[in-house]
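Novice: This is the structure alone, sequence omitted:
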């Protein structure tokens with residue numbers, strides 16, 4: 001089988017979207033939530049003048065290594081994170097409905113970058129890293145349209161930076177999307193599969 005893994009794979013994330021991407025590709029894995037203080041790390045890196053791609057990479061690395069410390073030595077641990085950047089402002093996941101409405105009101109009618117970092121570790125050491133940026137443009141929306149969207153999409157979108165699930169109702173927010181679909185969902189699958197082949201976890 002082309003999807004049969006020869007090494008254990010651990011997803012260092014509680015994300016249902018990332019898990020679905022791996023599962024739909026036929027990969028067997030275990031899922032372990034990586035608890036880190038994302039806000040503190042982001043604020044520290046911003047204070048140091050780090051660009052968004054370096055911040056996304058650092059978040060992914062922190063999650064990966066947190067789980068890798070207790071993982072079996074032959075396991076590949078995969079961690080990922082995303083940043084949404086619009087007009088120089090970095091957005092995190094909204095804390096609730098009011099913040100979700102505020103985020104969407106700011107993003108409406110504008111183009112933003114979704115910067116995703118993914119890092120793999122084995123034996124407690126980083127063996128691979130990848131950063132990918134997608135560019136999305138939201139259509140212009142008034143407060144009523146934003147409220148209607150959130151009513152229909154439900155609280156599940158609060159778990160996503162930008163409050164959109166492109167596998168769900170998210171496309172209704174967009175006027176243009178440029179970038180890898182899997183990366184936008186949270187995991188650049190093609191790059192991950194290539195890494196797994198290089199590491200001997202998948203048949204070449």
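Specialist: Cool, the structure landed. Values in this document were obtained by computation on a predicted structure and should not be read as measured data.

Novice: what's near enough to touch residue 54?
Specialist: By Cβ atoms under 8 Å, 6 or more residues apart in numbering, residue 54 lies in contact with residue 45. To be clear about C-beta, it is placed using only N, CA and C from the backbone, and glycine gets the same treatment.

Novice: does it belong to a helix or a strand, and which?
Specialist: If you go by DSSP states H and E, residue 54 is part of helix 52-68.

Novice: For that helix, list every residue counted as buried.
Specialist: For helix 52-68, the neighbour count (16 or more other Cβ atoms under 10 Å) marks 52-53, 55-68 as buried.

Novice: and what of stretch 33-44?
Specialist: Buried residues in stretch 33-44, counting neighbours by 16+ other Cβ under 10 Å, are found at 34, 38, 42.

Novice: Checking the residue lying closest to residue 139 once chain neighbours are set aside next. Helix, strand or coil?
Specialist: Of all residues not flanking residue 139 in the chain, residue 175 sits nearest, at 4.2 Å (Cβ to Cβ, 6 or more residues apart in numbering). At residue 175 the chain is in strand, as set by DSSP: H, G, I helix; E, B strand; the rest coil.

Novice: From residue 54, how far off is residue 175?
Specialist: In this view, residue 175 and residue 54 are 29 Å apart by Cβ to Cβ, to the nearest Å.

Novice: Ends of stretch 46-60, what's the gap?
Specialist: With Cα to Cα, to the nearest Å as the measure, stretch 46-60 spans 16 Å from end to end.

Novice: Can you get me a residue count around residue 191?
Specialist: Look at residue 191: counted by other Cβ atoms under 10 Å, it has 17 neighbours.

Novice: Is the residue located most distally from the centre of the chain part of a helix or strand, or is it coil?
Specialist: Within the chain, the residue lying farthest from the chain centre (Cα atoms, centre = their mean) is residue 144, at 28.3 Å. Assigned by three-state DSSP, the conformation of residue 144 is helix.

Novice: if we can go back for a sec, who's in contact with the residue nearest to residue 139?
Specialist: Contacts of residue 175 were listed using Cβ under 8 Å, 6+ apart, and they are 137, 138, 139.

Novice: Which PyMOL command selects the buried ones in those residues?
Specialist: Typed into PyMOL, the line below selects the buried ones among the contacts of residue 175, using 16+ other Cβ under 10 Å:
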select buried, resi 138
